[in-house]
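> Below: sequence and its predicted model.
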Amino acid sequence: MIMKHLNLRLYLVTDEHCLPPGRNLFDAVEEALQAGVTLVQYREKNGPGKGMLEKARQLIALCHRYSVPLLVNDRLDIALLSGADGVHLGQDDIPVAEARRLAGEDFLIGATAHNVKEALAAEAAGADYLGCGAVFATTTKKDTVPLGIDGLKVIRQAVHIPIVGIAGITPDNYRLVLGTGANGAAVVSGILGKESVTEAVNNYLYSFS
């Protein structure tokens, strides 16, 4: 397992529904890794356990070839069985403290926070980082009230652990997210939904030049 070291600057979250027709998930993730994404989260809502386990193991092997950690969204069981580096838990998932008790101190645990109260609770429970949002309106996260840059900044000032902004983050507003003091941004369709994954990643990483 990769040691607990987090580089959250550009955090790819998978969603096969975002892929252009004919694009394979593993090919797209590898292209993103080659281009410089720093963390990958395997997310598949309502997927069959057996299929998720197989995909997680393939993604772990792929990510580790590039020395990048692989986290599993929501499913602590899949994360532990597959040998993933960690898990990302939402507000309706297994509590962070219980996940920490089961998985141990070396396991990476991220938690979703929509506000300062949730952020402080997750930090106290032992989360290693927070995914905060939705920062902007997005079709990926429906029925959410945007947190906004100001809301993200308030969370950054309230907690000591790393945070990333998520939802609606584009190369144009990426610098605003980092300007809050956030450690990075999580991106889904802004990378996987593009015809050129490499170009999309570069547009984020070099948006300051």
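Nice, I can see it. All of these numbers come straight from a predicted model, not from anything done at the bench.
> check contacts around the closest residue to residue 126 other than its chain neighbours.
Excluding its sequence neighbours, the residue lying closest to residue 126 (C-beta to C-beta, 6 or more residues apart in numbering) is residue 100, at 4.2 Å. In this view, the C-beta of every residue, glycine as well, is placed from N, C-alpha and C. By C-beta atoms under 8 Å, 6 or more residues apart in numbering, residue 100 lies in contact with 107, 109, 125, 126.
> Out of these, which comes closest to residue 201?
residue 109 (25.6 Å; C-beta to C-beta).
> which stretch of helix or strand covers that closest one?
strand 108-113 (DSSP states H and E).
> got a list of contacts for that strand?
So strand 108-113 is in contact with 4, 6, 41, 69, 71, 85-91, 96, 99-100, 103, 118-119, 122, 125-133, 155, 163, going by C-beta under 8 Å, 6+ apart.
> show me what contacts residue 122?
Here residue 122 is in contact with 96, 111, 113, 130 (C-beta under 8 Å, 6+ apart).
> in the chain, which spans are helices?
With DSSP state H, the ranges of helices along the chain come out as 25-35, 49-65, 76-82, 96-103, 116-125, 148-158, 174-179, 189-192, 197-205.
> what's the angle from the first one to helix 197-205?
Following axes from the mean of the first three to the mean of the last three C-alpha atoms, to 10 degrees, one obtains 40 degrees for the angle between helix 25-35 and helix 197-205.
> tell me what helix 25-35 is packed against?
strand 39-42, helix 49-65, helix 189-192, helix 197-205 (3 or more C-beta pairs under 8 Å, 6 or more residues apart in numbering; DSSP states H and E).
> how about it: buried residues?
For helix 25-35, burial by neighbour count (16 or more other C-beta atoms under 10 Å) applies to 25, 28, 29, 30, 31, 32, 33, 35.
> Among those, which pair sits farthest apart?
25 and 35 (15.7 Å).
> I figured residue 125 was touching residue 101, is that so?
No - counting by C-beta atoms under 8 Å, residue 125 does not reach residue 101; the two are 10.1 Å apart.
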